[in-house]
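**Student:** give the three-dimensional model of this entry:
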Amino acid sequence: MRKRINISLPEETIALVDRVTEHGDRSRLIDEAVRRYIQETGRANLRKRLKEGAIRRAERDLHLAEEWFRVDEDVWHGGRRYLDPSGARSTSSASTPP
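**Tutor:** All right, here's what the predicted structure looks like:
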């Protein structure tokens, strides 16, 4: 469903619209332009929020990666290390804690 609205645009903008559209096709161009603008703005906003969140969590993520790297290295080299419930590091040849 379409709805008629009245908008004011600078004469230069109307001249640009008229240059790239056929007579009577302004609405379609404006509709597509608005939709594309909103889509791109939404993407840019999402990228910005993702970047801000990644920066905010970078230290935590680095700490987690370092912890898991040590676990992977232990397993890769044949030893199986794990933390017992008290938090002390133990080594065992078993793949699961006792």
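
**Student:** run through the chain and note the low-pLDDT ranges.
**Tutor:** The model of the chain has pLDDT under 70 over residues 79-98.

**Student:** can you give me the helices for it?
**Tutor:** Using DSSP state H, the helices of the chain run over 11-20, 26-76.

**Student:** can I get the CA coordinates of the first one in CSV?
**Tutor:** Read it as helix 11-20. Output of helix 11-20 as CSV, limited to C-alpha atoms (Å, rounded to 0.1, in the frame of the first residue of the first chain):
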residue,chain,number,x,y,z
GLU,A,11,16.0,22.5,-6.3
GLU,A,12,19.4,21.0,-6.9
THR,A,13,18.3,17.6,-5.5
ILE,A,14,15.1,17.6,-7.6
ALA,A,15,17.2,18.3,-10.7
LEU,A,16,19.4,15.3,-9.8
VAL,A,17,16.4,13.1,-9.3
ASP,A,18,14.9,14.2,-12.6
ARG,A,19,18.2,13.6,-14.4
VAL,A,20,18.3,9.9,-13.4
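
**Student:** can you tell which of the helices of the chain is closest to Met1?
**Tutor:** helix 26-76 (12.9 Å; CB to CB). All C-beta atoms are positioned from the backbone trio N, CA, C, and that covers glycine.
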